[in-house]
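Asker: Predicted model and sequence below, questions to follow.
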Amino acid sequence: MRQAMAQAEVGDDDYGEDPTVNELQRLAAQLLGMEEALFVPTSTMANLIAVMCHCQRRGAQLLVGREAHLHVFEQGGVAQVAGVHSQVLQDLPDGTLDLDELETTVRAGCGSRYHPRSVLICLENTHSSAGGRVLPLAYLREVRLLADRYRLRIHMDGARLMNAAVAQGVAPAQIAQHCDSISLCFSKGLGAPAGALVAGCREFVAEAWRIRKLLGGGMRQAGVLAAAARVGLERMEETLQRDHGNARRFAQGVWELGLPICSVDPSAVETNMVLVTVAVPWLSPEQLCERMQAVSEEEVAETGRAVSVRLFPWATRSLRAVWHCDVSAQDTQLAANKLNFVAEQCWRERRAAP
């Protein structure tokens with residue numbers, strides 16, 4: 001990937017003259033089944049651009065899951081920058097929205113002089129807060145039909161879209177066909193150092209270019225980044241299959257250990273994420289993450305290894321583990337062994353406490 005970056009042919013992308021960026025945009029649009037695509041610095045910018053393209057009237061309403069990345073982790077940009085109102089709906093455990101609740105919310109604003117007008121439905125696939133769950137294709141078809149009935153648009157936060165496509169064994173275009181626009185991140189599972197894109201019809205991307213400029217996302221010799229993104233796309237099948245397999249093996253291994261302090265549901269692991277539930281009230285996810293990262297003399301003496309594992313405290317009683325291209329099968333086994341060691345250590349300390 002670094003060699004591809006060093007050898008990339010570049011130009012001024014702000015003038016549409018970078019051949020490597022142009023080729024990436026063409027390939028990505030074809031892969032997604034969209035007319036055009038636009039390379040941008042980040043997925044957060046890609047999502048904001050899409051919202052601003054679809055919701056051009058201040059006070060327009062988008063419908064989004066309460067735990068969606070766009071709503072929780074992107075600084076409320078749709079409100080701060082775009083002046084768009086978010087109506088949040090409760091996410092179901094599999095990352096979907098309840099279709100009856102969605103339709104009821106849409107209908108509440110139809111013809112009302114008091115309610116905000118719903119313009120856009122935002123989906124996330126895979127769904128990060130649900131542990132990397134994949135949105136079923138049948139569900140996407142139902143959302144598309146609902147949106148068409150009420151003349152709404154659909155944007156998909158597809159930061160991990162390729163994980164979804166690989167997990168379902170389908171072409172990315174089979175997922176994207178249900179959306180009016182879609183974002184894609186190159187710096188997550190695809191392993192590039194930076195970059196994302198947003199795709200849609202030709203008119204949408206023309207407006208997206210203007211908004212990218214407004215948000216400061218115009219870049220010059222961006223081909224060095226686009227070259228890395230292309231390598232990520234070319235290797236995605238092999239890379240993501242390996243990540244998914246490692247995540248499943250970790251979840252299955254932890255489940256078989258039957259640890260007293262935490263639990264995992266292997267059946268909920270569909271891609272490269274595992275949510276670990278901390279099952280005892282006297283240990284917080286933050287504390288467990290700290291112990292997984294720390295290396296003690298006791299660990300080295302007992303296991304013969306010094307292993308540091310970085311996990312993320314995710315919710316009140318859970319933490320998240322994510323696999324990427326630099327985590328091997330051996331690393332995965334070491335992480336499971338470390339969790340077993342930490343769990344037993346915590347349990348011994350608790351039983352020894354007065």
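Answerer: Sure thing, it's come through.

Asker: part of a helix, is Leu120?
Answerer: No: under DSSP: H, G, I helix; E, B strand; the rest coil, Leu120 falls outside any helix and is assigned strand.

Asker: what about the residue lying closest to it once chain neighbours are set aside, distance to Cys185?
Answerer: On the basis of C-beta to C-beta, 6 or more residues apart in numbering, the spatially nearest residue to Leu120 that is not a chain neighbour turns out to be Leu62, at 4.2 Å. All C-beta atoms are positioned from the backbone trio N, CA, C, and that covers glycine. Computed as C-beta to C-beta, to the nearest Å, the Leu62 to Cys185 distance reads 20 Å.

Asker: What segments of the stretch 151-300 of the chain are strands?
Answerer: 153-158, 181-185, 196-200, 262-263, 273-278 (DSSP state E, counting those that start in this stretch).

Asker: Quick check: which ranges of the stretch 101-250 of the chain have low pLDDT?
Answerer: For the stretch 101-250 of the chain, no stretch is flagged by pLDDT under 70.

Asker: Going by neighbour count, which residues of the helix or strand harbouring Gln25 are buried?
Answerer: In this structure, Gln25 is located in helix 19-32 according to DSSP states H and E. Neighbour counts over helix 19-32 (16 or more other C-beta atoms under 10 Å) mark Thr20, Val21, Asn22, Leu24, Gln25, Leu27, Ala28, Ala29, Leu31, Leu32 as buried.

Asker: Stretch 55-69 too?
Answerer: Cys55, Ala60, Gln61, Leu62, Leu63, Val64, Gly65, Glu67, Ala68, His69.

Asker: In this structure the third one contacts Ile121, no?
Answerer: No: with contact defined as C-beta atoms under 8 Å, Gln61 does not count as touching Ile121 (10.2 Å).

Asker: relative to strand 196-200, how tilted is the helix holding Gln25?
Answerer: Interaxial angle, helix 19-32 versus strand 196-200 (axes from the mean of the first three to the mean of the last three C-alpha atoms, to 10 degrees): 50 degrees.

Asker: Keeping just the C-alphas, turn the very next helix or strand once past helix 19-32 into PDB.
Answerer: Sequence-wise, the next helix or strand downstream of helix 19-32 (DSSP H and E) is strand 36-40. Extracted in PDB, the C-alpha atoms of strand 36-40 (Å, rounded to 0.1, in the frame of the first residue of the first chain):
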ATOM      1  CA  GLU A  36     -20.700   8.900  -9.800                       C
ATOM      2  CA  ALA A  37     -18.700   9.100  -6.600                       C
ATOM      3  CA  LEU A  38     -16.700  11.800  -4.900                       C
ATOM      4  CA  PHE A  39     -13.500  11.300  -2.800                       C
ATOM      5  CA  VAL A  40     -13.500  13.200   0.500                       C
END
